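*Asks:* Quick one, structure for this:
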Amino acid sequence: MTTADVFGLHRTHLIGVAYRLTGSLADAEDAVQEAWPRFAKAEGVQDARGWLTTVVSRICLDRLRSAAVRRETYVGSWLPEPLLTTGEKDDPLESVVRSDGVRMAALVVLDRLTPDQRVAFVLHDAFSLPFTEIAEVLQVSEASARQHASRARKAVADAEPPPRAALAEQQEVLEKFLRAMANGDLDAVLSLLHPDAVMIGDGGGKVRTAVQTVTGADKVARFFLGLIRKYGFPEEHRPVFVNGELGFTMPAYGDVTARVTLFTVHEGKVVAVYDIANPDKLTHVAF
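*Replies:* Numbering: from 1, shown residues only. Have a look, this model is predicted:
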C-alpha cells in the first residue's frame, strides 16, 4: 500500500475530526490537505491514523485560535458551515454526520468553549485520544490537558441538546410545520413549536436573517409568518440532510438570498431553527 493509499484510507476520519474541531467544512478540508505533504515526508510512522489525527488537530487548533479573534467583530450569530449529505451509505461524509456530536445543536455548544477546551474534549471524548497525545497537540502538560477536557465536559453537560429524533418523527413534524407556515396558520405553527423554541440566523452581516436569537414559540412563529407575508412562501425548497438532521435548501427568490435551514425536533416539537444564509458558508452547497 502506497503512502497516498494509506492517507486516503484515513481521509474521511480526518475530515470528521477537523470539522468537529472547527465547524467549517472548508477549514476541515484545508487542514487535511495541509497534513498530506507532512505525512508524505514523514519516516517511520507506525500508527498512521494517530499520527495524522495529531497533525490535523494541531492545524485546527491554530485555525480555532485565529477564528476566535475574528469572531469578536462578526456581525450577528455565528453558526457552523452546514454539512449536507445524501443519506445514502455510499456518501463518504455519511459516517461523519452519524455521530450526535456533529448535529448543529451540538456544534453550537462546542463553539462556546475555548479553542484548547474544544480540542481536548473532542479528541478525548469523541475520538478516544489519550491525554498524553492531546497534551502534545496543545503543548501543555498532561494535567492541563485533562483540566481543559474536564471544564469542557461540564460546560457541554450543562447545555446538552436533546438527542436526535427518529427520521420519521423529523419528517412528520417538518412537513406539518412547513404546511402551517404556507397556510399562514399561526395556531398550527405555535402547536408545533416548543414553548422555549429558538431561531438562530447567520448572515454574517452580508445578507438578511435574524441578527439576534429569536426566543420563545410566539416570537419565532410571528417572525417566520412576518417574513412570509413580506416575501411570500418559498415555493422552491429541497429537503436535505444537514448535519444528520432534516432541513432544506432554498435558492434565492425576489429579495431573499439563498440559504440552508435546519430544525432540531424533540418529542414532536421544533425546539430550534438554524438559518444559515452567509454566502461564505454556502459555497459548497448546490442550490
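*Asks:* now the strands for the stretch 101-250 of the chain?
*Replies:* If DSSP state E, counting those that start in this stretch is used as the criterion, the strands of the stretch 101-250 of the chain fall at 193-202, 214-215, 238-242, 245-250.
*Asks:* Residues in contact with the second one: which ones?
*Replies:* The contact list for strand 214-215, computed with CB atoms under 8 Å, 6 or more residues apart in numbering, reads 196-200, 220, 223. Using the backbone N, CA and C atoms, a C-beta is placed for each residue, glycine as well.
*Asks:* Repeat that for the longest one.
*Replies:* Counting by CB under 8 Å, 6+ apart, the neighbours of strand 193-202 from elsewhere in the structure are 76-79, 108, 209-211, 213-217, 220-221, 223-224, 266, 269-278, 281.
*Asks:* Quickly run through the sheet partners of it, with directions.
*Replies:* Looking at strand 193-202 with DSSP bridges, its partner strands are strand 214-215 (antiparallel), strand 269-276 (parallel).
*Asks:* which helix of this structure spans the most residues?
*Replies:* Counting residues, the longest helix found in the chain (DSSP state H) is helix 48-70.
*Asks:* Could I get the buried residue list for it?
*Replies:* Across helix 48-70, burial judged by 16 or more other CB atoms under 10 Å covers 48, 51-61, 63-64, 67.
*Asks:* Beyond it, next helix or strand please.
*Replies:* Going down the chain from helix 48-70, the next helix or strand is strand 84-85, by DSSP states H and E.
*Asks:* If you count neighbours, what's buried in the helix or strand following that next one?
*Replies:* Note on strand 84-85: by DSSP H and E, the next helix or strand toward the C-terminus is helix 94-97. By neighbour count on 16+ other CB under 10 Å, the buried set for helix 94-97 is 94, 96-97.
*Asks:* and what of stretch 260-268?
*Replies:* Within stretch 260-268, the residues that qualify as buried by neighbour count (16+ other CB under 10 Å) are 260-266.
*Asks:* Repeat that for stretch 113-120.
*Replies:* Buried residues in stretch 113-120 (16+ other CB under 10 Å): 113, 115-120.
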